[in-house]
Structures are given as C-alpha cells and as structure tokens.
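Student: Could you work out the structure for the sequence below:
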Amino acid sequence: MDERKKVVCIYDEPEMIDLIKLILGRKGFELTGAVGGREGVDAVRRVKPDLVLLGLRLPDMESWEVNQYIKAEEELKDIPVIVMGSSWRIKYNAKSFAGTKVDDYVTAPFGPQELLQSVKRVLQTPGGG
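Tutor: Model prediction:
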C-alpha cells in the first residue's frame, strides 16, 4: 500500500483501541483512537479517515447517533463504517442504524483475522493491507 490507510476507532475501552491499533498497525494502517462518541466525531472530522470502526457501547452517546453525525456531513458521508459489538447487541441496535449506511458488522468476541477480513473487504485492499 503506497499511502497508509487512516482508521478512526471509536470505542468505550482504551485497552480495546490499543489492541485494534496493534492488529491494524502490523498491516500498515494508521489508527487514531477515540473513547466515546463526541471524541470520535471530533476525530473523524479532524483526521478524515479512510474507515471508521465504531463500537456499539459508548459512554456519552448512542453509536447510531455518531454514525448519523458522520453521514450528515458532506465531506465525511462517504467514509465507510464498520460496527463492532456482540451479536445480540448488533441485532438489538440494527433498527437504529436503518436510516444511515453501515458497511459491515464485526461481532464480538472477534479475532484479528475477522477484523482484518472485514477491513480489507470494506476498503477493498488486496493482500495484507
């Protein structure tokens, strides 16, 4: 990959952000972490990433609201979003995301390969990133 793909990971646990940073960093991605929705929306506006990884449980706002904020802004609306969370939580929240585009879902607990496959599929990056 000529230029490192930028990813913003919005999650409720800094440790999980660090783990995802390690997984994606090994494949050449540049990850910016944000704990919570408000910090996440600010990070997306600042970084203008190639991809957003969005956790379902956020301390300060609903994840579907974060997605709405991103999709409502002209320069951000085409950034793909992958939602991460437990399968029951994804099913429960699926209706909330109905009005805005989500590109993929990764159900927790997930392994590094699952996450990488989803990222590659959404970004359509060949090989290992």
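
Student: Which parts of the chain are helices?
Tutor: 14-25, 37-47, 63-72, 87-93, 112-123 (DSSP state H).

Student: Can you find the helix or strand of the chain with the lowest average pLDDT?
Tutor: Taking mean pLDDT, DSSP states H and E as the measure, the chain has helix 87-93 as its least confident helix or strand, at a mean of 60.

Student: what's the closest of the helices of the chain to residue 8?
Tutor: Of all the helices of the chain, helix 37-47 sits nearest to residue 8, with 4.9 Å by C-beta to C-beta. No exception for glycine: its C-beta is placed from N, CA and C like everyone else's.

Student: Would you mark the buried spots in that closest one?
Tutor: 37, 38, 39, 40, 41, 43, 44, 47 (16 or more other C-beta atoms under 10 Å).

Student: Identify the residue spatially nearest to the residue minimising distance to the centre of the chain, adjacent ones excluded.
Tutor: Of all residues in the chain, the one closest to the mean position by C-alpha atoms, centre = their mean is residue 53, 0.7 Å from it. Spatial nearest neighbour of residue 53, excluding adjacent residues (C-beta to C-beta, 6 or more residues apart in numbering): residue 9 at 4.3 Å.

Student: ditto for residue 38
Tutor: residue 60 is the one closest to residue 38 (C-beta to C-beta, 6+ apart), at 5.5 Å.

Student: Neighbours of that neighbour, how many?
Tutor: Using other C-beta atoms under 10 Å as the criterion, residue 60 is surrounded by 13 other residues.

Student: The one 5 residues further on now?
Tutor: Close neighbours of residue 65, defined as other C-beta under 10 Å, add up to 16.

Student: Same check on residue 73?
Tutor: 12.

Student: ok, the nearest residue to it once chain neighbours are set aside to residue 104 distance?
Tutor: Distances taken as C-beta to C-beta, 6+ apart place residue 45 nearest to residue 73, at 7.4 Å, with adjacent residues excluded. As for residue 45, its distance to residue 104 is 22 Å (criterion: C-beta to C-beta, to the nearest Å).
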